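A.B. asks: pasting the sequence and the predicted model now:
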Amino acid sequence: MAIAVCSGSFDPITNGHLDIISRGARIFDKVIIAVLHNSKKTTLFTVEERLELLRQATAHLPNVEIDSFDGLLVDYMKKKQARVILRGLRSVSDYEYEMPIATMNRKLNEDVETFFLMTNSQYAFVSSSIVKEVARYQASVSDLVPPVVEKALREKFATS
Ligand code: ADP
């Protein structure tokens, strides 16, 4: 069984992520979305909140599993018997960011391959940070994120 792991912060999941995940789910038998626990990044949503949003946004995809992990991705993958890292590429800067990570992961475990899908051009400019920036000022992000995320952002910024 070919299992791919799509790791990231997903703070929060966007339609760009969802596009990569659903396309990945058509290629691999199973896609595990793995939220990194120990990221140095400050996040808007807690890990639990991000997991719940991911669960709801991918409920229609039967071969997608949601999980979180700590430590090295290659160690987590061994535990899950996964050999493919699924990532999305939007731009040259994504490529420059991903290249050393993919090389290091391969060095840590030569059985692991990083698999890149080119972004759907309609989501090329979409990132979690740009979505948060826009939502913070109550502007609409309805075509950039799943409806559950839009609601969660509205609630988050209404109380902060
Ligand atoms: P990280 O914190 O590891 O960068 P993210 O949650 O930002 O994690 O992204 C996870 C993955 O989703 C990365 O491979 C990223 O390139 C990809 N991704 C994010 N937004 C988009 C998008 N709009 N189109 C395609 N891929 C995307």
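C.D. replies: Sure, I can see it.

A.B. asks: okay, strands next: where are they in the protein?
C.D. replies: For the chain, applying DSSP state E gives strands covering 3-8, 30-36, 64-69, 84-89, 113-118.

A.B. asks: which residues touch Ala2?
C.D. replies: 28-30, 83-84 (Cβ atoms under 8 Å, 6 or more residues apart in numbering). Backbone N, C-alpha and C define where each C-beta goes, glycine included.

A.B. asks: please, a PyMOL command that selects the buried ones among those?
C.D. replies: In PyMOL, this line selects whichever of the contacts of Ala2 come out buried by 16 or more other Cβ atoms under 10 Å:
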select buried, resi 28+30+83+84
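
A.B. asks: quick one: which of the contacts of Ala2 is nearest Thr42?
C.D. replies: Taking Cβ to Cβ as the measure, Thr42 lies nearest Val84 of the contacts of Ala2, at 29.5 Å.

A.B. asks: hmm, that closest one is touching Ile3, no?
C.D. replies: Yes. Between Val84 and Ile3 a contact is recorded at 7.1 Å, counting by Cβ atoms under 8 Å.

A.B. asks: between the two, which contacts overlap?
C.D. replies: Common neighbours of Val84 and Ile3, using Cβ under 8 Å, 6+ apart, are Phe28.
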